[in-house]
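Student: 3D model of this:
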Amino acid sequence: MPFCRRTRNLVRAFSAADNYLIACGSPQSILFQGQTFVPDSPESSFMLRSVGDSAFSSSSSTAPSPIYQALRIFTKPSSYEFSIHQQGRHWVRLYFHPLPNSGHDLNSAFITVITEKFVLLNNFTFKNEKDSFLFKEFLINVMADTLNINFVPSNNSVAFVNGIEVVSVPDGLISDQASAVSPSPPFNGLSERALETVFRLNMGGPLLTPENDTLGRTWENDQKYLHVNSSAVNVSVNPGNVKYPVGVTTETAPNWVYSTAQVMGDPNVPDSNFNITWVFSVDPDFNYFVRLHFCDIISKALNELVFNVYINSDIALASLDLSKLGNLEVASYRDFVSNSSNGSTTMSVSIGPDAVADITNAILNGLEIMKISNDAGSLDGESSAAGILPATLSKKNKMGIIIGVVAGALAAVGLIAIFYCCYATRRSKASAHAPWLPLPLYGNSHTMTKASTTSQKSGTASFISLASSNLGRVFTFQEIMDSTNKFDESLLLGVGGFGKVYRGMLEDGTRVAVKRGNPRSEQGLAEFHTEIEMLSKLRHRHLVNIAEWAMSWQKKGMLEHVMDQVLVGKINLASLRKFGETAEKCLAEQGVDRPAMGDVLWNLEYVLQLEETSTLSDIDENSTNHIADIPLTPLQPFDNSVSMIDPVNPGTDDDAEDAATSAVFSQLVNPRGR
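Tutor: Numbering: from 1, shown residues only. Okay, the predicted model is just below:
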């Protein structure tokens, strides 16, 4: 797949595995800040899923730069889909400028932008903004094969975008943990949150553009954020003097950042121990990731410069001595998580001399402040992505439900037993994760006695051995955790009464479906064991590829795929109708409205009969539609003791296999334990 390659005039380009630079609505490629942006045409290496969109370009002199001279307008919810070649953190950068004469009142448009997991913008409008253009930069951890950026018009208006960047970021740029300001435990889980850049400053230095940064970042001068201008003095050295120790690279920050700084000036106050303070406007409802960059470019010898660092009124670093790095002019940084002070709309960062230091001075070279998404996964308000995403865009995500139902039965033959096999090690391997209670010996776990509950808590509950199941390879619990990214909810395929089914990938690249037992279901280990035995016998030449087929639907679209099958004669209308009814039920919003596993398998069996047995043409199609609240009745005149698929060709190996499968179907239909 072709990529747009960044070009740098002053620094070596970072080689990003994913590097999409999109000039939305533009009829041709454009050069912007040393980078080539390509049009969002049908021939592009990404996919635009849109209904009722239009492109508009203008040579208007009001556009601040070339990236803002064209845009794409959406009258309906639409999305861009990007293939992800290297999972991990990615920049998502968005450009907005409401061009005039587009045929729409873009200044009054309400724009909502969301991914599968995160809300980036919610009802943003230029109506109350003083600037005519907007640049937004987000950092998102993408742990799937695709990333969808969805644009949703709000309040009967339109949405639009001028430019999009999706660029992978080096591993380790930001760790999962950061120190908390004030006496509290460190903040964990940054990799599971989205970040939005709100301030990135080059202290005492010039504006740095993507041409000066290997990760395409922009660093602005800090002067306008100083609380007292005369409190700071600019200092600088040759950027070539900056030394990068192990763990710090030019991707952390360019040497242009570390080679300039602000130090204490003459604020004309009687107290020589004053602080240099920068003040920023923030949203009091969010936490913020704060990264401070240091490089001692003013000392003549080691151990001369000792100072304090404050975030709001809290001391973040006391008696900081950069000499501990072993040399002068060495790049370093410190990470913190903080919020605004006492719920106010401002955050302050200060540096000042240590009272016991021989030299009265302090230094700061660079500063980054990034908003952290809240528990709803939002960077703008309290609504979650799932609560905003329209049905027209979430339909593809709903396919995960039916994929979970089918793939959980057919593709997870041996994997259902994994959780039980690894249960003995779960306490040591997953102590940092949500507790997982063992399954009861028998069903109806919600009616367990006090004694059985106590037994579960003590870890001595009775269990059934699966050693005789001969299910093949046994996986460690850690392997399962790694393959599903610790049961990441973004990898959820479907939810049933017995538990959740997750999409995973083993170290060798094998795709798997992992079913995680739910101790609060009505099934116990006895039922679990029975289901494993039945699924291990479930073999059928017509069902073996259903999981892979469903995966292809997820990418291509269910209706389009089914119509392809009709056109080539693979599905007749009767079976298509029955399959559609089954799929529709599987996609119900509420779990209680979706059919049981046995119901789905029974209906799939019936679809196969309609497809392959000509004698079924006169059977009433509604006779077994028990999903639509009609009681389940056995199909007549078939008998579970013989093949239900090919009754005219007895004695073949396929028929023997079908007969065994039918017997399994008859057991799975039993709704107990759902």
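Student: use CA for all of it now, contacts and neighbours both
Tutor: OK.
Student: In the protein, mark out all the helices, start to finish.
Tutor: Using DSSP state H, the helices of the chain run over 255-258, 385-388, 391-410, 418-421, 426-429, 450-458, 477-483, 525-537, 546-556, 558-567, 573-586, 597-612, 653-668.
Student: and V233, how far is that from D222?
Tutor: Distance, V233 to D222, using Cα to Cα, to the nearest Å: 12 Å.
Student: Overlap in contacts, those two.
Tutor: Both V233 and D222 are contacted by G204, under the criterion Cα atoms under 8 Å, 6 or more residues apart in numbering.
Student: For these two, indicate the residue with more neighbours.
Tutor: D222 (21 against 16; other Cα atoms under 10 Å).
Student: Need the contact partners of stretch 178-193.
Tutor: 140-141, 175-177, 311, 314-316, 335-338, 372-374, 377.
Student: again, but for stretch 365-380
Tutor: Contacts of stretch 365-380 (Cα under 8 Å, 6+ apart): 117-122, 193-204, 257-262, 286-295, 382-385.
Student: Which of those are buried, as a PyMOL select command?
Tutor: Restricted to buried positions by 16 or more other Cα atoms under 10 Å, the PyMOL selection for the contacts of stretch 365-380 reads:
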select buried, resi 117+118+119+120+121+122+193+194+195+196+197+198+199+200+201+202+203+204+257+258+259+260+261+262+286+287+288+289+290+291+292+293+294+295+383+384+385
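Student: how about low-confidence regions in the stretch 201-350 of the chain?
Tutor: 267-270 (pLDDT under 70).
Student: Can you pick out the ones from the contacts of stretch 365-380 that are in strands?
Tutor: 119-122, 195-202, 260-262, 288-294 (DSSP state E).
Student: So F274 sits against A355, correct?
Tutor: No: counting by Cα atoms under 8 Å, F274 does not reach A355; the two are 10.8 Å apart.
Student: circling back: drop anything exposed from the contacts of stretch 178-193.
Tutor: Of these, these count as buried by 16+ other Cα under 10 Å: 140-141, 311, 314-316, 335-338, 372-374, 377.
Student: helices and strands of the chain: which one bottoms out on pLDDT?
Tutor: helix 450-458 (a mean of 36; mean pLDDT, DSSP states H and E).
Student: more crowded one of F274 and A355?
Tutor: F274 (19 against 13).
Student: Now do that one against L364, distance only.
Tutor: 15 Å.
Student: Contact partners for L226?
Tutor: I276, T277, W278, V279.
Student: Let me fix that, I meant to ask about S102.
Tutor: By Cα under 8 Å, 6+ apart, the neighbours of S102 are F56.
Student: Report the residue spans of the stretch 1-150 of the chain with pLDDT below the cut-off.
Tutor: Short version for the stretch 1-150 of the chain, where the test is pLDDT under 70: 1-13, 51, 61.
Student: Tell me where it has strands.
Tutor: 19-23, 30-32, 35-39, 47-49, 53-57, 70-74, 78-83, 88-96, 110-114, 119-124, 134-142, 146-154 (DSSP state E, counting those that start in this stretch).
Student: Partner strands of the fifth one and their direction?
Tutor: The one in question is strand 53-57. strand 70-74 (antiparallel) (DSSP bridges).
Student: Run through who's touching the strand it pairs with.
Tutor: With Cα under 8 Å, 6+ apart as the criterion, strand 70-74 contacts 23-26, 50-58, 99, 151-153, 158-163.
Student: do the same with stretch 148-155
Tutor: 74-82, 109-116, 123, 158-160, 389, 393.
Student: Okay, buried residues for stretch 383-393 please.
Tutor: S383, S384, A385, A386, L389, L393.
Student: count of neighbours near P64?
Tutor: Neighbours of P64 (other Cα under 10 Å): 12.
Student: Nearest spatial neighbour of it, chain-adjacent residues omitted?
Tutor: Take P64 and drop its neighbours on the chain: the residue closest to it by Cα to Cα, 6 or more residues apart in numbering is F133, 7.7 Å away.
Student: Roughly how far does that neighbour sit from Y95?
Tutor: In terms of Cα to Cα, F133 sits 8 Å off from Y95.
Student: between the two, who's got more neighbours?
Tutor: Y95 (20 against 17).
Student: Please name the bridge partners of the more buried one.
Tutor: F135, G163.
Student: Next up, the contacts around it.
Tutor: So Y95 contacts I67, Y68, F133, L134, F135, K136, V161, N162, G163, I164 (Cα under 8 Å, 6+ apart).
Student: wait, the second one sits on H97?
Tutor: Yes: using Cα under 8 Å, Y68 and H97 qualify as a contacting pair, with a distance of 5.9 Å.
Student: what is in contact with those two at once?
Tutor: Shared contacts of Y68 and H97, counting by Cα under 8 Å, 6+ apart, come down to N162.
Student: Could you point out which residue ranges in the stretch 501-650 of the chain have low pLDDT?
Tutor: In the stretch 501-650 of the chain, residues with pLDDT under 70: 519-546, 548-572, 587-592, 598, 611-650.
Student: how about 50 then?
Tutor: 540-546, 549-555, 567-568, 614-650 (pLDDT under 50).
Student: re earlier: please name whichever of the strands of the stretch 1-150 of the chain is nearest to N238.
Tutor: strand 35-39 (26.4 Å; Cα to Cα).
Student: Note down every partner strand of the closest one and its orientation.
Tutor: Applying DSSP bridges, one finds strand 35-39 paired with strand 19-23 (parallel), strand 30-32 (antiparallel).
Student: which parts of the shortest one are buried?
Tutor: Just to be clear, that refers to strand 30-32. Buried, per 16+ other Cα under 10 Å, within strand 30-32: I30.
Student: Could you double-check that N221 lies in contact with N202?
Tutor: Yes: applying Cα under 8 Å as the test, N221 and N202 come out as touching, 5.2 Å apart.
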